[in-house]
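Q: any chance you could fold what I've pasted below:
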Amino acid sequence: MINRFPEVKVVVDALLLSLPAVADVGVVMVLLFLVFSVFGVTFLKGTFYKCLESSLTPEELNLVTYPKLVGQLTSAELSWLDVDSPNCGANTWEVGKTPTSRELCSCLNGDWVETIPQNFNNVLSGFALLFEISTTESWVSVMYAAIDQRGTDTQPVRDTNRAWALFFVVFLSLGAFFILELFVGVIIENFSRLRDTKGLVLMTDAQRQWASTQQFIMRIKPEVLLRRPERKLRAICYDFIMPGSNPWFDRFIVAVIIANSIGIATISFGDSDEKSIVLGILNLLFSSIFVVESVLKITALGKGYFRSRWNIFDFVVVCGLVAGFILKISINDQRLAGSISSLISLIRMGRLIRLIRLVKQLRAPFNTMVSVLPGMVNIISLLLLLFFVYAVCGVQLYGTIALQGELNEQANFRSVGNAMLLLLRFSTGEGWMSVMYALLEEREDCCEDIWCCKRDPSLDMCDSNPKYEEASPWCIDEDDYPNCSEVNGCSAGASVFVYFYSFTMIVSFVILNMLVAAVLQAFEASDEGELLDPADLEHFVSVWSEFDPDATWFINASDVQSFLSRLRPPLGMAGQFNAEKGGIYTKDPCLLGIAVNGKKQVNIVNVATLLAKRHAKEELGEQFGELSDDHPIQHRATRHLAGMSSTLGDVYTKEAGVILRAVVRWKRRRRRMAIQMEDGLGHNTTSP
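A: Predicted structure coming up:
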């Protein structure tokens, strides 16, 4: 199935390429966990237990917590002990013996239980505990259990050994944060390696700079040239809204957007009527300003207003505001009117997105977010595939387990949909351990022994492997009762450790870190090129729009010289071209290599790429190296050459040929005219 989707296959290739390095990090993790596990087993084995408080009286619990010598026990305390119980060995106690908390708990018919599901009783259990808390799930509960413990078979007391907090803080710093960063670093490194190996060559430093610059150039897009209207009213509106003639207009709109958002943010439950009236007036004022802004821009720009996606977004928001106010006024139902008012506030908050366009510092992270979306979609597709596989396995393994504790109506494996939602929750590290241990808990109406029902017919409710019957389907919803069978399977067994641990390792440690790697790579790609700045591209697009006002991506080949003469360095030659020396346009191989289509037009990306190449050659000198034809950036660059049949050099050659032929014809014609004039003069002088 993955082979049918090349985008997902790329992610799988990157994942497979990362496996050896991930395995190396896994070895480091195992060694680190081994050290902490051995340390924990040495000092904490058998300590995470207590006598259940609810099974004892306060006096009995105090005796269990602080045991006495047998000879110091009072007659009342001795009367509490059930010496006839098979679990109590009080008859064998000597006078000088101090019984443990566990022994006293047994003699008092108390329940000696685990304080937490995890323990350090052996190295394997310690590994499992450390792995679970390395996901930062329930690590505080484990730390408190270690702090409260007082030794083996001893009742814990709160805050007895606070120094154990340092053990868990150090482990989380190394085992969670450091190891997690190692996973991230390994995956990012292999992403970069995959990107390089796709080019089939190892790039030199100069090639890397050129590749980075070329990738930077690929983001270039033409912009529509906004001309000042001729009509007086439209011209006035144009001068008022355009940043070039009135920069304060955009600043004012930014201030209004921020003030509007602050006003909406001050709304809270239980506001006084006076506050609601003031906020309502302010909202009406801000909305009116937004409407006036749209009217001014539509008047000034006409149809050109709708060529910008940002303007379309603004127009939709304004239309939503107007429609909301009309509905609010025309509807009498107060509850519905309140909902519409909330919707209007939500629409107004959408104006905050405009700050991305108006504030340049916000464009880089926004562009990064947009550019990373395709890569994230590929990784999320793989993630959903894993979710589906684990959801199906979860339904097959745990779908018939009786609900208990954290395994409830909202969190269960009764259907694939519920299982996928539960796995989504687990992928965030939220509550996966509690569900895992809920699956392990014994059910009151179920036997641990798989043959218990067959040996004891009286256990009617015991069903270690319930089966579906059409005559009596499972009781899933309330509508299924009474003609249904309760889903009453026994505990899951040790398979939950394989299921939950493997899911956590694959999803949390690897797949989600691939998302982090994709985002970081997008930030790296969104940075300015090695040899160019964003301002250089902005100037290039600005000058290009003078020759391509409708943003068609093409200009005439005959306009290239004029374009270069207006484009400032490093890409252009403004102020550098000497008309008397000439020849700079017809001698530069990069300029002559600009591709030309059948309409004698050149493409903006190809022109920018070759101008950047010319600049790179000047900066890098002999170190400059072309990228391999198999390099991904080269593939992207060649996509813009579709339909290009010749080069600018070919056009100049043809034009030069036409000029030369015209000069030759003119010289021949002039020679013939000179000969004819000489013949005419000679004839006139010889005639009588």
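Q: run through who's touching stretch 219-227.
A: Stretch 219-227 has contacts (C-beta atoms under 8 Å, 6 or more residues apart in numbering) with 238, 242, 301, 304, 307-308, 367, 537, 540-542, 544-546, 548-553, 604-605, 608. Quick note: C-beta positions are derived from backbone N, CA and C, even for glycine.
Q: if we use 7 Å, what do you get?
A: Applying C-beta atoms under 7 Å, 6 or more residues apart in numbering, the external contacts of stretch 219-227 come out as 301, 304, 307, 537, 540-541, 544-546, 548-551, 553, 604-605, 608.
Q: how about the spatially most central residue of the chain, nearest residue that isn't a chain neighbour?
A: Nearest residue to the geometric centre of the chain (C-alpha atoms, centre = their mean): residue 515, 5.5 Å. Distances taken as C-beta to C-beta, 6 or more residues apart in numbering put residue 379 closest to residue 515, at 5.5 Å, once the chain neighbours are dropped.
Q: any idea which helix or strand carries the residue nearest to the centre of the chain?
A: In this structure, residue 515 sits in helix 512-526 according to DSSP states H and E.
Q: sorry, back to before: my guess is the residue nearest to the centre of the chain contacts residue 378, does it?
A: No. At 10.3 Å, residue 515 does not count as touching residue 378 under the criterion of C-beta atoms under 7 Å.
Q: quick one, strands of the protein?
A: Listed in chain order, the strands of the chain (DSSP state E) span 49-51, 112-114, 554-556, 595-597, 601-603, 644-647.
Q: show me the shaky parts of the stretch 251-400 of the chain.
A: Within the stretch 251-400 of the chain, the ranges that satisfy pLDDT under 70 run 333-348, 350-351, 354, 357-361, 363-364, 367-368, 371.
Q: which stretches of it form helices?
A: For the stretch 251-400 of the chain, applying DSSP state H, counting those that start in this stretch gives helices covering 273-301, 309-330, 334-349, 355-358, 363-398.
Q: for residue 76, find the nearest of these.
A: Comparing those by their distance to residue 76 (C-beta to C-beta), the top pick is helix 363-398, with 49.5 Å.
Q: now for that closest one, which elements pack on it?
A: helix 6-44, helix 416-427, helix 495-503, helix 512-526 (3 or more C-beta pairs under 7 Å, 6 or more residues apart in numbering; DSSP states H and E).
Q: can you put these in a markdown table and add distance to residue 133 and mean pLDDT?
A: Shown next, in a markdown table, are these (distance: least, C-beta to C-beta, whole Å; pLDDT from 0 to 100):
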| stretch | distance to residue 133 | mean pLDDT |
| --- | --- | --- |
| helix 6-44 | 10 | 81 |
| helix 416-427 | 16 | 90 |
| helix 495-503 | 13 | 90 |
| helix 512-526 | 18 | 70 |
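Q: just put those in CSV and tack on distance to residue 162.
A: Rendered in CSV, the data for the helices and strands packed on helix 363-398 read as follows (distance: least, C-beta to C-beta, whole Å):
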stretch, distance to residue 162
helix 6-44, 15
helix 416-427, 32
helix 495-503, 31
helix 512-526, 34
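Q: out of the ones you listed, which is closest to residue 314?
A: Once the helices and strands packed on helix 363-398 are compared by C-beta to C-beta, helix 512-526 is nearest, at 24.8 Å.
Q: and residue 429, what does it touch?
A: Contact analysis of residue 429 by C-beta under 7 Å, 6+ apart lists 135-137, 508.
Q: nope, residue 416 is what I meant
A: Per C-beta under 7 Å, 6+ apart, neighbours of residue 416: 391-392, 395.
Q: how about a cut-off of 10 Å?
A: For residue 416, the contact set (C-beta atoms under 10 Å, 6 or more residues apart in numbering) comprises 387-388, 391-392, 394-395, 399.
Q: circling back: which of the helices and strands packed on helix 363-398 sits closest to residue 356?
A: With C-beta to C-beta, the closest approach to residue 356 among these belongs to helix 512-526: 13.7 Å.
Q: show me which of the contacts of residue 416 is closest to residue 228.
A: Ranked by distance to residue 228 (C-beta to C-beta), the contacts of residue 416 are led by residue 387 at 55.5 Å.
Q: wait, isn't that closest one in contact with residue 427?
A: Yes. Taking C-beta atoms under 10 Å as the definition, residue 387 is a contact partner of residue 427 at 7.9 Å.
Q: which one of those two is surrounded by more residues?
A: Using other C-beta atoms under 10 Å as the criterion, residue 387 and residue 427 rank with residue 387 on top: 23 against 18.
Q: wait, which of the helices and strands packed on helix 363-398 is closest to residue 99?
A: helix 6-44 (22.0 Å).
Q: between that closest one and helix 363-398, how big is the angle?
A: Taking axes from the mean of the first three to the mean of the last three C-alpha atoms, to 10 degrees, one finds that helix 6-44 is oriented at 70 degrees with respect to helix 363-398.
Q: count of neighbours near residue 131?
A: Per other C-beta under 10 Å, the neighbour tally for residue 131 reads 19.
Q: next, give phi and psi for residue 224.
A: Phi and psi for residue 224, reported as degrees, to the nearest 10, are phi -70, psi 130.
Q: I meant to write residue 550 there.
A: The phi/psi pair for residue 550 (degrees, to the nearest 10) reads phi -100, psi 10.
Q: list the contacts of the closest residue to residue 222 other than its chain neighbours.
A: Leaving aside its chain neighbours, residue 222 sits nearest to residue 551 (4.1 Å; criterion: C-beta to C-beta, 6+ apart). Residue 551 makes contact with 221-225, 307, 541, 544-545, 604 under the criterion C-beta under 10 Å, 6+ apart.
Q: buried subset of those residues, written for PyMOL?
A: PyMOL command restricting the contacts of residue 551 to the buried ones, with burial defined by 16 or more other C-beta atoms under 10 Å:
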select buried, resi 222+541+544+545+604
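Q: would you put the C-alpha positions of stretch 605-621 in CSV?
A: The C-alpha trace of stretch 605-621 is given here as CSV (Å, rounded to 0.1, in the frame of the first residue of the first chain):
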residue,chain,number,x,y,z
VAL,A,605,12.3,31.7,-11.8
ASN,A,606,14.7,30.9,-14.6
VAL,A,607,15.9,34.5,-14.8
ALA,A,608,16.3,34.8,-11.0
THR,A,609,18.2,31.4,-10.9
LEU,A,610,20.7,32.3,-13.6
LEU,A,611,21.3,35.8,-12.1
ALA,A,612,21.9,34.2,-8.8
LYS,A,613,24.2,31.7,-10.5
ARG,A,614,26.1,34.6,-12.0
HIS,A,615,26.4,36.2,-8.5
ALA,A,616,27.5,32.9,-7.0
LYS,A,617,30.3,32.5,-9.5
GLU,A,618,31.5,36.0,-8.7
GLU,A,619,31.5,35.3,-5.0
LEU,A,620,32.8,31.7,-4.9
GLY,A,621,35.2,32.0,-7.8
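Q: next one: it to chain centre, how far?
A: Here the centre of stretch 605-621 is set off from its chain's centre by 34 Å, with C-alpha atoms, centre = their mean, to the nearest Å.
Q: next: stretch 136-156.
A: 36 Å.
Q: what's the span of it, first residue to last?
A: Separation of the first and last residues of stretch 136-156 by C-alpha to C-alpha, to the nearest Å is 24 Å.
Q: same question for stretch 118-126.
A: Stretch 118-126 has an end-to-end distance of 8 Å (C-alpha to C-alpha).
Q: any chance you could list what contacts it?
A: 33-34, 36-49, 127-133, 138, 141-142, 145-146, 433, 437.
Q: what about 8 Å?
A: Under the contact criterion C-beta under 8 Å, 6+ apart, stretch 118-126 has outside partners 33-34, 36-38, 40-41, 43-48, 128-129, 132, 142.
Q: show the average pLDDT along it.
A: The average pLDDT within stretch 118-126 is 92.
Q: that older thread, ok, the contacts of residue 416 vs residue 116, which is closest?
A: Once C-beta to C-beta is applied, the member of the contacts of residue 416 that ends up nearest residue 116 is residue 394, at 24.4 Å.
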